[in-house]
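Enquirer: Sequence first, predicted coordinates after that:
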Amino acid sequence: MQIGKLGVVSGLLLSLFIGMEGEASNNDPLPSVKTVMQKAYGDEGLCNAIADELRRDQPKWDEIAPKIKDLLPLAEDLGINPPLKGDKEDWKKRTRVYLESARKLDQAIQNKDKPAAVAAQTLMNDCKSCHAAHRKTEPIDSSR
C-alpha cells in the first residue's frame, strides 16, 4: 500500500514539474535579458513604438494593441531571467513592477484610455534606476 501511495505522489510531482517547466518556457527557449531589452527598446522596439503612438493626440489603438500583446510575454520572460548583477530580491521586485505595468498598459490600450496608458508606459520606462542596479557594464577595450 505504501508503494502505491509513493507512486501516485511521485507521478503527481513529476506532472507538476513538467507542467511548470512548460509554462515557464512555452516550449521556446527563454530569451536573454539582452534580447528582451532589444525587442522592447531597441531600434523599432515595441515600447518605443507604443510610446511614440501615445504622444499623438489621437493614438491609433488598433496599431498598438498587437504591440502590447507581443510585449507581455517579454515582460514575463524578463523576470524569469536571473539578474545580470545585483541583488536577486531587488531584481524580482523590479521585474514584477515592470510586468504589472505592462499588464496595466495592455488594459489601458484595450480600454483606449490614454491617461492610464501613458501612466503605465511611464513606469515601464524607468530605465535608469534598474540599469544602475542590474545592468552588467561591458569592460572598455583599451587596446583600440
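Expert: Yes, it's here. As the structure is a computational prediction, the values presented were derived from the model and not from experiment. Residues are numbered from 1 along each chain as shown.

Enquirer: Going by C-alpha atoms from here, please, whenever you check contacts or count neighbours.
Expert: OK.

Enquirer: what about the helices in the protein?
Expert: Assigned by DSSP state H, the helices in the chain fall at 2-25, 33-41, 46-54, 61-80, 88-111, 114-124, 127-134.

Enquirer: Flag whichever of these has the least confidence on average.
Expert: Ranked by mean pLDDT, those bottom out at helix 2-25, with a mean of 40.

Enquirer: Distance-wise, check the residue nearest to Tyr98 when sequence neighbours are not counted relative to Ile50.
Expert: Counting by Cα to Cα, 6 or more residues apart in numbering, Met124 is the residue found nearest to Tyr98 once chain neighbours are left out, at 5.7 Å. To Ile50, Met124 is 11 Å away according to Cα to Cα, to the nearest Å.

Enquirer: okay, the two: which has more neighbours?
Expert: Taking other Cα atoms under 10 Å, Met124 and Ile50 do not tie; Ile50 has more neighbours (25 against 19).

Enquirer: Which phi and psi values does Lys136 adopt?
Expert: Backbone geometry at Lys136, expressed as degrees, to the nearest 10, gives phi -80, psi 120.

Enquirer: Please read the previous query as pertaining to Asp113.
Expert: The phi/psi pair for Asp113 (degrees, to the nearest 10) reads phi -100, psi 90.

Enquirer: Just the pLDDT at it, thanks.
Expert: So Asp113 comes in at 97 (pLDDT).

Enquirer: Tell me how many other residues surround it.
Expert: So Asp113, with other Cα under 10 Å, has 14 neighbours.

Enquirer: ditto for Gly45
Expert: 17.

Enquirer: To what extent is the residue lying closest to it once chain neighbours are set aside buried, counted in neighbours?
Expert: Distances taken as Cα to Cα, 6+ apart place Lys39 nearest to Gly45, at 5.1 Å, with adjacent residues excluded. Neighbour count of Lys39, defined by other Cα under 10 Å: 18.
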